[in-house]
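>>> sequence first, then the predicted structure, then my questions.
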Amino acid sequence: MSVVVPAVSAQGAAPACTVEYSVTNQWDTGFQAAVTITNHQAPLSSWRLTFDLPDGSGVTGGWNAAWTPYAAPGRRT
């Protein structure tokens, strides 16, 4: 499964960035996913991606990222 989500600020405007998410491996108790963020504008010195997970789910590790639990259940930054 692969999903591409454009971040659009106005109707018909070019997206500032796109986020691609795909499941690369899965097993009975979890899965491994790849997330690719592509910036379509000037370079940024700081940015954040926030996403929600189903209740009872969580992130147990990550590569090339710093994971921060968010106050809301299931939300990660």
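Structure received. Residues are numbered from 1 along each chain as shown.
>>> so what's residue 25 closest to, chain neighbours aside?
Leaving aside its sequence neighbours, residue 25 sits nearest to residue 32 (C-beta to C-beta, 6 or more residues apart in numbering; 4.1 Å). Heads up, the C-betas are built off the backbone N, CA and C, glycines and all.
>>> can you list contacts of the helix or strand where the one you found lies?
Following DSSP states H and E, one finds residue 32 within strand 30-39. For strand 30-39, contacts defined as C-beta atoms under 8 Å, 6 or more residues apart in numbering pick out 16-26, 47, 49, 60.
>>> just send these back as JSON lines, with pLDDT and distance to residue 67 too.
Converted to JSON lines, the contacts of strand 30-39 look like this (pLDDT from 0 to 100; distance: C-beta to C-beta, whole Å):
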{"residue": "16", "pLDDT": "84", "distance to residue 67": "23"}
{"residue": "17", "pLDDT": "86", "distance to residue 67": "19"}
{"residue": "18", "pLDDT": "87", "distance to residue 67": "21"}
{"residue": "19", "pLDDT": "87", "distance to residue 67": "16"}
{"residue": "20", "pLDDT": "89", "distance to residue 67": "19"}
{"residue": "21", "pLDDT": "86", "distance to residue 67": "15"}
{"residue": "22", "pLDDT": "91", "distance to residue 67": "18"}
{"residue": "23", "pLDDT": "91", "distance to residue 67": "18"}
{"residue": "24", "pLDDT": "92", "distance to residue 67": "17"}
{"residue": "25", "pLDDT": "93", "distance to residue 67": "18"}
{"residue": "26", "pLDDT": "93", "distance to residue 67": "19"}
{"residue": "47", "pLDDT": "80", "distance to residue 67": "15"}
{"residue": "49", "pLDDT": "80", "distance to residue 67": "11"}
{"residue": "60", "pLDDT": "77", "distance to residue 67": "9"}
